[in-house]
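> this one's structure only:
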């Protein structure tokens, strides 16, 4: 018995259709970009004081650093003390649920720390934490 002879023309698609897979990959990419949380760092290394009762807080999104020379840093930029309140108001409007973490160097003064915390309260931020090392 003879088998029928099938002739494949160049017009017929003999490959695998990749469109559904590309659609799924594109949708997953959009999902991950939308759900990703971007962490803003202060941009300088701080020698934090030690505390045996320090706990990790993951919900704060606004971070301010005060270095050993009492210089204030936000988003890797040195900030004048007079503009801290305005910057915190803007950051708080961008993320109203986020709290504030103040990373003060152990050699910084309490006066600068209190001024930053006061500016944060005036900007409407109620959740303020002070960073400490747990070891």
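Perfect, thanks for sending it. Since the model is a prediction, treat every value here as computed from it, not as a measurement.
> what lies in contact with stretch 66-74?
For stretch 66-74, the external contacting residues (Cβ atoms under 8 Å, 6 or more residues apart in numbering) are 42-44, 46-47, 63-65, 78-81, 84, 87, 91, 102-109, 112-113, 116. (C-beta placed from N, C-alpha, C; glycine too.)
> can you map out the helices along the chain?
Remark: helices assigned in the chain by DSSP state H are 19-35, 84-94, 110-122.
> mind putting these into a markdown table with mean neighbour count, distance to residue 70 and mean pLDDT?
Output for those, formatted as a markdown table (neighbours: other Cβ atoms under 10 Å; distance: least, Cβ to Cβ, whole Å; pLDDT from 0 to 100):
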| stretch | mean neighbour count | distance to residue 70 | mean pLDDT |
| --- | --- | --- | --- |
| helix 19-35 | 9 | 38 | 88 |
| helix 84-94 | 16 | 12 | 91 |
| helix 110-122 | 16 | 4 | 91 |
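> using TSV, please lay out those together with distance to residue 74.
Conversion of the helices of the chain to TSV gives the following (distance: least, Cβ to Cβ, whole Å):
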stretch	distance to residue 74
helix 19-35	25
helix 84-94	6
helix 110-122	10
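> what's the pLDDT at the residue nearest to residue 113 when sequence neighbours are not counted?
Excluding the flanking residues, the one nearest residue 113 by Cβ to Cβ, 6 or more residues apart in numbering is residue 104, at 4.9 Å. Note on residue 104: pLDDT of 88.
> check residue 2 too.
65.
> then residue 72?
Turning to residue 72, the model gives it a pLDDT of 92.
> what is the neighbour count of it?
The number of residues packed near residue 72 is 24, by other Cβ atoms under 10 Å.
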